[in-house]
Structure formats: structure tokens, C-alpha cells
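Peer 1: Sharing a model prediction with you, sequence too.
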Amino acid sequence: MTTETVAVETENTAEETEELEPLTVEGLYKAGVHLGHLSKRWHPKMRDYIRLKHQKRHVLDMDKTLDAIEHAKTAIREVVANGGECLMVGTKPQAKNEVERLAKSVEASYITSRWLGGTLTNFATISRRIQALIELEEDFAKGEVQAHTKRELLMKQTEVKRLNKFFGGIKEISKLPDVMYVVGIDREKHAVKEATDLGIPVVAIVDTNCDPTSITYPIPGNDDSHASISLISSHIAAAISEGKELADERRRENEAMRAERDAQDAAMAAARAAAADRQRQQNSGE
């Protein structure tokens, strides 16, 4: 084994064993989660989450943020454990790469490009466009793309790229999400409104310049800092992963219970058949 191979394997192992940073007030402060906007840009309905004003900037109360994250994680974990889906949304530059990375790591659906109006409220139409993308990709994979000229082929390739930009993160979704996580509700107001109109719970990072009243599980925090977004989003992703593990565990338990019931039913049927056979033998002997 070469030195380069050992180095690569060591690096891969380090990535696989990377642990989630513990959720603490100190960690939140270190990531800058507490840093709000200039006080002149504040939203009055964020008053209860603000601890103080320092150098003309509002500072959020990290004890409340810590509780809010834990509350949100519990809600997401239970939704996913019951078979639900969590859609992660973050299109702002500071969020999109991290949201996509984390969503992929836990096999969650995500939207990190521009939110298309009707993504939720006109889901049937969106689903047809996703299906068209899937079919086109399958045709490319099988070498069955019908194109008479190189220009037509290039146009189809461009269309696949364009559709993936908007729908690549939700190709696996077959129904409306059961909960949605949002970074930057000022930017994602259309996404929040669609979810709210459909009664889909929303978990979101809410900065000091935002109105938290439309959010089911508001997480007061800095939604402009990459470090802040990464820390909070990583714990949301962890909750999704934990929910999926619970769902698998419950599925296995249900399968085991069904197998046990089937075995008991089979044993009872065999016992009844044996009793009936003995009865027939007794009757024939008489």
C-alpha cells in the first residue's frame, strides 16, 4: 500500500467519523448566531428574542435560541420518524451550498436555486415537470435521446441542466413535504406563504429584521453568517437523520410483530387442523 493510498484512506475515515458539534450556548456565540441586524432595522415582533443592544446592533438571547433549536429538532425528528418528509430550503449565497450538502448527506429533499412559484401550491404541475426531467435523463442514460441534429441534442442537454437547477433536489419527492426548513425567510417569503397556506409546518432561522409570527418553529438567529447557518442547519439535518433511523427501527419492530402474529396464527391453524383430524379419526373408529 502506497503512502498516497494511506493518506486518502485516512482522509476518508476522518470525513466519515466527523462528529456533529455539540449544541451549546457557547457554541452558538462562537458561530455568531447571536449577532442580529442594526437596531434601526429590527422587527418589533422579535422583541422577546432580543437580549440587548450593543454598538447599535441587536444581540439575540442564545438561551432562547438553544431551546428553539431543540424544540424544532424534536418536531422534525417526530415528523420524519412517522414517515414524513422534510424539505430544506436555502437559496441565499451564504446558505445554498451548505444546505445542499447537508440535505444530500441525510438524503433529504432540498431547494437551493430560485423558488419557483407554485412549487407547493401547484404541486401537480411541478410533479409533471420533474417526471419529464427524469424521463429525459433516463433516455440519455440509455442512449435513446431522439435528436436529428447536434443543435437539438445540445438543446436537450441544456434543458436537463436547467431543470436540474430547479428540480434536482426534489426529484425523489412524490408528495408534498410534511415539514419545511427555511434559511432566510425574508428571501423565501413565497416558500413560507405556500407552506403556510397548505398547513405545512415551517422551521426557520429568524433574524432580528424578520416577522416570526408566520413560522411554526422560529429559531432566532443570524441568517447571514455562513458559520451560523452551518451550525443550525447541521443540527436540523441531524434531526432528519435521527428521524429516519427511528422510522427504520419502528418499521423493523412492526415487521417483527407481524411475523410473530403470522407465526401464532399459523400455529393456531395447525393446532385446529390437528384437532379436526383427530376428531375425524375418532369418528371413523366409532
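Peer 2: Great, that's in hand.
Peer 1: tell me which residues of stretch 156-168 are tucked away?
Peer 2: 156, 160, 163, 166, 167, 168 (16 or more other CB atoms under 10 Å). For glycine as for every other residue, the C-beta is placed from the backbone atoms N, C-alpha and C.
Peer 1: Need the pLDDT of the first one.
Peer 2: In this case it means residue 156. In this model, residue 156 is scored at 82, pLDDT.
Peer 1: just checking, it touches residue 136?
Peer 2: Yes: look at residue 156 against residue 136 with CB atoms under 8 Å: they come within range, at 6.7 Å.
Peer 1: Can you pull the residues that touch both of these two?
Peer 2: Here residue 156 and residue 136 have residue 145 as joint contacts, going by CB atoms under 8 Å, 6 or more residues apart in numbering.
Peer 1: Confirm residue 141 sits in a helix?
Peer 2: Yes: checked against DSSP: H, G, I helix; E, B strand; the rest coil, residue 141 lies within a helix.
Peer 1: Quantify the burial of it by counting its neighbouring residues.
Peer 2: Per other CB atoms under 10 Å, the neighbour tally for residue 141 reads 9.
Peer 1: Make residue 1 into 289 and carry on from there
Peer 2: I'll keep to 289 as the first residue from here, and by that count the last item is residue 429.
Peer 1: measure it to residue 423 for me?
Peer 2: For residue 429, the distance to residue 423 (CB to CB, to the nearest Å) stands at 11 Å.
Peer 1: just residue 311 next, same as before
Peer 2: 43 Å.
Peer 1: who's more crowded, those two?
Peer 2: The residue with more neighbours, out of residue 311 and residue 423, is residue 311; 17 against 10, by other CB under 10 Å.
Peer 1: pretty sure that one is touching residue 356, no?
Peer 2: No: using CB under 8 Å, residue 311 is not in contact with residue 356; the gap is 11.0 Å.
Peer 1: Quick one: the strands in the stretch 289-438 of the chain, in order.
Peer 2: 323-326, 338-342, 345-348, 374-377, 397-399 (DSSP state E, counting those that start in this stretch).
Peer 1: and of these, who's closest to residue 407?
Peer 2: strand 397-399 (7.1 Å; CB to CB).
Peer 1: For that closest one, the averaged confidence score.
Peer 2: Here the average pLDDT along strand 397-399 is 97.
Peer 1: got it, and stretch 488-495?
Peer 2: Mean predicted lDDT for stretch 488-495 stands at 98.
Peer 1: again, but for stretch 459-468
Peer 2: 94.
Peer 1: what's the answer for stretch 324-338, then?
Peer 2: The model assigns stretch 324-338 a mean pLDDT of 94.
Peer 1: Pull out the buried residues from it.
Peer 2: Buried residues in stretch 324-338 (16+ other CB under 10 Å): 324, 325, 330, 331, 334, 337, 338.
Peer 1: Point out where the stretch 339-488 of the chain drops to low pLDDT.
Peer 2: Along the stretch 339-488 of the chain, the parts satisfying pLDDT under 70 run over 435-436.
Peer 1: make it 90
Peer 2: 420, 423-448, 460, 462 (pLDDT under 90).
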